[in-house]
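[1] Any chance you can model this:
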Amino acid sequence: MKKPPILAAAEPDRLETWVKYRQSLCRDCHSTCCTLPVEVRLPDLIRMGLADAFEQDEPAKQIARRLMKAGVVDHFNHKHELFTLARRSNGDCLYLDARTRLCTLYEQRPDTCRNHPQIGPRPGYCAWRPKQPG
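    Numbers count the residues shown, from 1 in each chain. Have a look, this model is predicted:
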């Protein structure tokens, strides 16, 4: 049986170090994609349970203000109505389990996460890093 090639760990901030994506990479990855900034829209926030359908008629700026105060949104782009989810001090997504490195709201995850790596800073590539022993 042929061994898979040894991969060098990517540096998330250096796109040229990212590797061509294949699904099998996720099994042995440290969930590096879950340390990248995540932009979401109101339907994502509703799916995630951070907003409810009744808020759809409210100004997005008000929703952003509430979610920033709650610590789940770091930034709001008014022009494009994009919310950037907050991350922990180590860069991890708030919804990434620190021990298992799995998403705690996988079924409700935002479209940005659902479509990674087809969309993102380098479509078709991922910032693969090996799982750390734990």
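
[2] and Glu58, how many neighbours does it have?
    12 (other Cβ atoms under 10 Å). All C-beta spots, glycine's among them, are computed from the backbone N, C-alpha and C.

[3] The one 10 residues further on too?
    As a burial measure, the neighbour count of Met68 was computed by other Cβ under 10 Å and equals 16.

[4] Show me which residues of the helix or strand encompassing it are buried.
    In this assignment (DSSP states H and E), Met68 forms part of helix 60-69. By neighbour count on 16 or more other Cβ atoms under 10 Å, the buried set for helix 60-69 is Ala60, Ile63, Ala64, Leu67, Met68.

[5] how far out from the middle of the chain is that helix?
    Relative to its chain's centre, helix 60-69 lies at 19 Å (Cα atoms, centre = their mean, to the nearest Å).

[6] Tell me the first helix or strand C-terminal of it.
    Following helix 60-69 in sequence, per DSSP H and E, is strand 73-77.

[7] before we move on, the earlier item: would you point out the most distant pair within the buried residues of helix 60-69?
    Put simply, by Cβ to Cβ the two of those set farthest apart are Ala60 and Met68, 12.0 Å from each other.
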